[in-house]
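Enquirer: Quick one, fold the following:
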Amino acid sequence: MTAIPTTPRRAATSIDTIALVCVWLLMTTSSLVTVEPAPFDLAFIGICALAFVCGMRVPKSITLMIVLLGIWLLFSLIGTSQAPTVEYYMDTLKHMAITGLLIAVAVFFACFIYRFQGRALGAIMNGWVIAALIASIAGILGYFEMLGSLSEQFVLYGRAKGPFKDPNVLAPFLVPPAIYCIYLAASRSALWSLFNLGVLLVLVLGLFLSFSRGGWGHFALSGLTAVILWFLTVEDRNFKLRLIVFMVLSSAVLSFTLMALLDVEGVGDLFLQRFAFQEYDSSAYGRFAGQYLTFMKALDFPFGLGAHGFLPDWYEQPHNVYLFQLIIGGWFGGLAYLLFVIVTLIKGLAFLQRRTPHSPLMIVLFSSFFGLAVEGLVVDSDHWRHFWILSGMIWGVMAMYANTPRVAVPVHREAQSHHNGPQHAPRPLPPQTIAH
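Expert: Model prediction:
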């Protein structure tokens, strides 16, 4: 159980405001990844410099995160040196450069949240919702050919992909902001709930039209995890009541909308096709055969073969991020990546038992990360920017409370804790009123 951090709030300065606005803008561009380097990547480098000018520093509490990611990166670089052919060597180096950048993204977001606390969380998540709306609307309009000749830029193989390169990346990108909308709806007024219902509807439509089975499963798993954790950890009865009402209302609206969509020509057929038996998965040249071969090859190369070490023997990557890391960084690199995911989940879940004012929002982050970790069993997600943003946010929230005694506080009034940070949360309840 946890007490509120008592560090006095720093006076808001113009440069602080600029940093927050810049990170908000950075997040609004996070869905624009049709070109490399993406606008997010270029802007991130400049914002890093600005943030450190604002006094951002690396807290000791994320040392374990940095160590695990550093070990992973080190052994991945060793594996890169073992690349089988010169043809793949330069591509492997590029892969590692992107990996290094994404690790920096995770560390930056952890430090940024530690520095700006509730204001940082608001800037990041609100910017993410806007980026998700842009991506989802582009995918929807492109799918229904409402953008003329531009429509094909947002569709791939008859599936909505928005401004991403792949529908299977669009779908999981939409999951955290979708769950965040549910959280906001349960935290605010009835009018605000209706607004978030509209946003959620757009995001779920984009997710549905991506026809990503992994994305659908991710949303279902993360959403269910979030609802269960909210009911188990949040003590505010009004929050739970609003959550129940919103879940009933949103389920009815979304079910009606999706049923209407299934009557549209082509939508129902593709939906059934995606749910039917996929030869791509279980054939002799399918996903699972590739994963088996990946594992067997990884056993023979304990120091790895780099990001493209599997391609000489197979026509694509293994579609399992954990096996992929075994090929890239060998046994030690693969283990370091797996440990990072497991430690993040364990520490995140332990944090939720402390009942802090930020626990309801932390549930959004934790449940989304949990869904991504599970989806990693069927997709190579190590270069998904939102995976590293979520990772950094989880470690950043934990860092906010790392040095506080474990005394329980009521988890409610999201608007107060979310926008002002933990130092402005309500006082702890008397011991007899605290739920254990």
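Enquirer: C-alpha from now on. contacts and neighbour counts both.
Expert: Will do.
Enquirer: Buried ones in the host helix or strand of G333, by neighbour count?
Expert: Using DSSP states H and E, G333 sits in helix 321-352. Within helix 321-352, the residues scored as buried using 16 or more other Cα atoms under 10 Å are 321-341, 344-345, 348-349, 351-352.
Enquirer: For the strand or helix carrying V227, give me every contacting residue.
Expert: Secondary-structure assignment from DSSP H and E places V227 in helix 213-233. Helix 213-233 is contacted by residues 168, 171-172, 175, 179, 207-208, 240, 274-275, 352-353, 355, 359-360, 363-364, 367-372, 374-375, 378, 411 when judged by Cα atoms under 8 Å, 6 or more residues apart in numbering.
Enquirer: rerun that using 7 Å as the cut-off
Expert: Contacts to helix 213-233, defined as Cα atoms under 7 Å, 6 or more residues apart in numbering, come from residues 168, 171-172, 175, 179, 240, 355, 360, 363-364, 367-368, 370-372, 375.
Enquirer: of all the residues you listed, which two lie farthest apart?
Expert: The span of these, defined through Cα to Cα, is set by N168 and R355 at 34.5 Å.
Enquirer: Stretch 295-315: which residues count as buried?
Expert: By 16+ other Cα under 10 Å, the buried positions in stretch 295-315 come out as 295, 297-298, 301-310.
Enquirer: so for it, what's the average pLDDT?
Expert: Summarised as a single mean, pLDDT over stretch 295-315 is 78.
Enquirer: Quick one: distance of it to the chain centre.
Expert: Centroid separation for stretch 295-315 versus its chain: 27 Å, with Cα atoms, centre = their mean, to the nearest Å.
Enquirer: Then stretch 72-82?
Expert: That offset, for stretch 72-82, works out to 25 Å (Cα atoms, centre = their mean).
Enquirer: do the same with stretch 324-341
Expert: That offset, for stretch 324-341, works out to 20 Å (Cα atoms, centre = their mean).
Enquirer: Residues contacting it, please?
Expert: Residues from elsewhere that reach stretch 324-341, judged by Cα under 7 Å, 6+ apart: 68, 71-72, 75-76, 78-80, 298, 301-307, 309, 318, 322.
Enquirer: what about 6 Å?
Expert: Around stretch 324-341, the neighbours that count as contacts under Cα atoms under 6 Å, 6 or more residues apart in numbering are 68, 72, 75-76, 79, 298, 302-307.
Enquirer: Give me the buried positions along the helix holding V227.
Expert: Residues of helix 213-233 classed as buried: 213-219, 221-223, 225-227, 229-231, 233 (neighbour count, 16+ other Cα under 10 Å).
Enquirer: Who has more neighbours out of N168 and R355?
Expert: Legend: neighbour count by other Cα atoms under 10 Å for N168 and R355, higher for R355 (25 against 21).
Enquirer: any idea how far V234 is from the more buried one?
Expert: Distance from R355 to V234, counting by Cα to Cα, to the nearest Å: 8 Å.
Enquirer: what do you get for Q317?
Expert: 42 Å.
Enquirer: now the helix holding G333 and helix 213-233, what's the angle there?
Expert: Orientation of helix 321-352 against helix 213-233 (axes from the mean of the first three to the mean of the last three Cα atoms, to 10 degrees) gives an angle of 20 degrees.
Enquirer: ok now helix 321-352, how far from the chain's centre?
Expert: The answer for helix 321-352 is 15 Å, by Cα atoms, centre = their mean.
Enquirer: Going along the chain from that helix, find the next helix or strand for me.
Expert: Next along the chain after helix 321-352, taking DSSP H and E as the criterion, comes helix 359-375.
Enquirer: so what does that next one touch, helix or strand wise?
Expert: On a contact count with 3 or more Cα pairs under 6 Å, 6 or more residues apart in numbering; DSSP states H and E, helix 359-375 meets helix 213-233.
Enquirer: low pLDDT regions in the stretch 251-400 of the chain?
Expert: 276-286, 310-316 (pLDDT under 70).
Enquirer: what about T257, neighbour count?
Expert: 13.
Enquirer: any idea which helix or strand carries it?
Expert: Using DSSP H and E, T257 sits in helix 237-262.
Enquirer: how far out from the middle of the chain is that helix?
Expert: The answer for helix 237-262 is 23 Å, by Cα atoms, centre = their mean.
Enquirer: show me the residues around T92 that make contact.
Expert: By Cα under 6 Å, 6+ apart, the neighbours of T92 are A307.
Enquirer: Where does it fall, secondary structure wise?
Expert: T92 is located in helix 86-116, with elements delineated by DSSP H and E.
Enquirer: Likewise for L26?
Expert: Per DSSP H and E, L26 falls inside helix 14-28.
Enquirer: Counting by contacts, list what the following helix or strand past that helix packs against.
Expert: Note on helix 14-28: by DSSP H and E, the next helix or strand toward the C-terminus is helix 39-53. If you count contacts as 3+ Cα pairs under 6 Å, 6+ apart, helix 39-53 packs onto no helix or strand.
Enquirer: Okay, buried residues for helix 39-53 please.
Expert: Within helix 39-53, the residues that count as buried by 16+ other Cα under 10 Å are 39-41, 44, 47-48, 50-52.
Enquirer: between these, which is nearest K94?
Expert: Looking across the buried residues of helix 39-53 and measuring by Cα to Cα, the closest to K94 is D41, at 13.9 Å.
Enquirer: what's the offset of stretch 201-220 from the middle of its chain?
Expert: Remark: stretch 201-220 is offset 14 Å from the chain centroid, using Cα atoms, centre = their mean.
Enquirer: then it to PDB, C-alphas only?
Expert: Output in PDB follows, covering the C-alpha atoms of stretch 201-220 (Å, rounded to 0.1, in the frame of the first residue of the first chain):
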ATOM      1  CA  LEU A 201     -17.000   3.700 -31.900                       C
ATOM      2  CA  VAL A 202     -14.600   5.200 -34.500                       C
ATOM      3  CA  LEU A 203     -11.700   3.400 -33.100                       C
ATOM      4  CA  VAL A 204     -13.500   0.000 -32.900                       C
ATOM      5  CA  LEU A 205     -14.700   0.400 -36.500                       C
ATOM      6  CA  GLY A 206     -11.100   1.000 -37.700                       C
ATOM      7  CA  LEU A 207      -9.900  -2.000 -35.700                       C
ATOM      8  CA  PHE A 208     -12.700  -4.200 -37.100                       C
ATOM      9  CA  LEU A 209     -12.100  -3.200 -40.700                       C
ATOM     10  CA  SER A 210      -8.400  -4.000 -40.300                       C
ATOM     11  CA  PHE A 211      -9.500  -7.600 -40.100                       C
ATOM     12  CA  SER A 212      -6.600  -8.400 -37.900                       C
ATOM     13  CA  ARG A 213      -7.200 -11.500 -35.900                       C
ATOM     14  CA  GLY A 214      -4.400 -10.600 -33.600                       C
ATOM     15  CA  GLY A 215      -5.700  -7.100 -33.100                       C
ATOM     16  CA  TRP A 216      -9.200  -8.400 -32.300                       C
ATOM     17  CA  GLY A 217      -7.800 -10.800 -29.800                       C
ATOM     18  CA  HIS A 218      -5.600  -8.100 -28.300                       C
ATOM     19  CA  PHE A 219      -8.600  -5.700 -27.800                       C
ATOM     20  CA  ALA A 220     -10.700  -8.500 -26.300                       C
END
